[in-house]
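Novice: Got a predicted structure here, sequence first:
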Amino acid sequence: MKSLATLALLASAFLGYSLGVCPQTALGQSAAAENDAKQYAAMVQRSVDYLRQHGQADDGSFSGTTGIGPTGLVISGLLSVGIMPQDPMVAKGLKYLEEHAQTDGGIYTLDSKHRNYDTCIAILALSKANQNQRYEALLDKAEAFVKGIQWDEGEGKQPSDPFYGGAGYGSHSRPDLSNTTFLVDALQSLGNGPEDEAIQKALEFVSRCQNLESPANNTEFAAKVNDGGFYYTVAAGGESKAGEEPNGGLRSYGSMTYAGLKSMIYAGVGKEDKRVQAATDFLRKHYDLESNPGVGQQGLFYYYHTMAKALDALDEPQFVDASGASHQWKSEMRAKLAEIQRPDGSWVNDTARWMEGDPNLVTGYALLALAFCAPE
């Protein structure tokens, strides 16, 4: 008796023949698709096994000494690749996050200096697990908290101020694009669309972090590089993790450009907009899965997960680079992550800046990227 897999392959071949496709070609395509699915499932399973056996502490946290951020990322990653909220590992992690809900609505440890970051990441995880509105009240308070510490009139900032609309690590830290993109992600995960006032305020800050002169960006940095990419922050004198040009311009780099592009799309900015076109052109010139363009190996896995989210939001399954080469970015990213997964099932960055020497955090990033790269 033929196996189910064999019958499926034969059915695919027959369908291909009926559509005028060579049966051998149809069988080959089906076999390749089956291999892709098996590789993906094995990659995910190995990472889940690693986290289950080595990553989680007894209190449900992952790398809890650094705050709740890694736990939120890991749980969000696990839920994104199909692990259910009822799974014991996930349930323990969710309980850990829930236990860190504070009276002000934020979700963080009391000594945290990253209250926006921690709360936004917790929102991402809890919103994915919000079956039967279990976490609805908690999420409502968390949403109010992150909106409350966004830089706006409540902090004495007007729309003309470079701080305006941005989010920092906490209520008194300068805003940056990384924290702001997590804020937009969190609000989007709660069902907030482009009409949301906080998302539109965030768009004002995001637009000012782009190396592009536009009606939305008349800052001192807009024209100094003018390549369409994004940098870390325009606030408090500006900063790029990729450094400065001799003229004082702040250099664009990959992860922040994907973060900026994604945030603009979530805020309702269309492909015809000059800002989206310029950011996309920058990324076409710097399409790369070997490094985070502009900063090398630093923040590579943050880059992967942000890249996957942004290209999914851009809705271009085939991303054409500046040379005209067409990239099946989902399969290319799957292949890259398969190549660099460690034998124990985890991922880690040998360049440890921004905590990417932590296999729990990095495995969370990898799972979040894989969620957008599943074989179709």
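Specialist: Thanks, I have it. Numbering: from 1, shown residues only.
Novice: packing partners for the one helix or strand Lys309 maps to?
Specialist: In the assignment (DSSP states H and E), Lys309 maps to helix 300-314. Where contact means 3 or more CB pairs under 8 Å, 6 or more residues apart in numbering; DSSP states H and E, helix 300-314 is packed against helix 254-266, helix 329-340, helix 359-371. Glycine gets a C-beta too; all of them are placed from N, C-alpha and C.
Novice: quick one: which of those is nearest Pro293?
Specialist: helix 254-266 (3.8 Å; CB to CB).
Novice: Render the CA-only coordinates of the closest one in CSV, please.
Specialist: Taking C-alpha atoms only, helix 254-266 is exported to CSV below (Å, rounded to 0.1, in the frame of the first residue of the first chain):
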residue,chain,number,x,y,z
GLY,A,254,19.6,47.9,7.7
SER,A,255,17.7,47.0,10.8
MET,A,256,16.5,50.6,11.4
THR,A,257,15.5,51.0,7.8
TYR,A,258,13.4,47.8,7.9
ALA,A,259,12.0,49.1,11.3
GLY,A,260,11.1,52.5,9.7
LEU,A,261,9.6,51.0,6.6
LYS,A,262,7.4,48.5,8.6
SER,A,263,6.3,51.3,11.0
MET,A,264,5.3,53.5,8.1
ILE,A,265,3.3,50.7,6.5
TYR,A,266,1.5,49.9,9.8
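Novice: So for the helix holding Lys309, what gets flagged as buried?
Specialist: Neighbour-count burial for helix 300-314 flags 300-314 (criterion: 16 or more other CB atoms under 10 Å).
Novice: in this structure, what spans have low per-residue confidence?
Specialist: For the chain, the stretches with pLDDT under 70 are 1-29, 171-172.
Novice: I'd like the distance between the most centrally placed residue in it and Ala313.
Specialist: For the chain, the residue nearest the mean C-alpha position is Thr306 (3.5 Å; CA atoms, centre = their mean). Distance of Thr306 to Ala313, computed by CB to CB, to the nearest Å: 11 Å.
Novice: which neighbours do these two share?
Specialist: Common contact partners of Thr306 and Ala313 (CB atoms under 8 Å, 6 or more residues apart in numbering): Lys262.
Novice: Next up, phi/psi of Glu244, please.
Specialist: Recorded main-chain torsions at Glu244 are phi -120, psi 150, according to degrees, to the nearest 10.
Novice: meant to ask about Val320
Specialist: Dihedral angles (degrees, to the nearest 10) for Val320: phi -90, psi 120.
Novice: wait, what's in contact with it?
Specialist: By CB under 8 Å, 6+ apart, the contact list for Val320 reads Arg284, Ser326, His327.
Novice: is the last one in a bridge, and if so with what?
Specialist: Legend: beta-bridge partners of His327 under DSSP bridges are Phe319.
Novice: Wait, it touches Pro317, no?
Specialist: No - counting by CB atoms under 8 Å, His327 stays clear of Pro317, with 9.7 Å between them.
Novice: more crowded one of these two?
Specialist: The neighbour comparison of His327 against Pro317 (other CB atoms under 10 Å) goes to His327, with 18 against 14.
Novice: Please name the residues that touch the more buried one.
Specialist: For His327, the contact set (CB under 8 Å, 6+ apart) comprises Tyr287, Gln318, Phe319, Val320, Asp321.
Novice: Widest-spaced pair of these?
Specialist: Greatest spacing in these, by CB to CB: Tyr287 and Gln318 (11.6 Å).
Novice: check contacts around the closest residue in space to Asn211 that isn't next to it in sequence.
Specialist: Nearest residue to Asn211, sequence neighbours excluded (CB to CB, 6 or more residues apart in numbering): Val225, at 4.0 Å. Counting by CB under 8 Å, 6+ apart, Val225 touches Asn211, Glu245, Gly249, Leu250, Arg251, Ser252.
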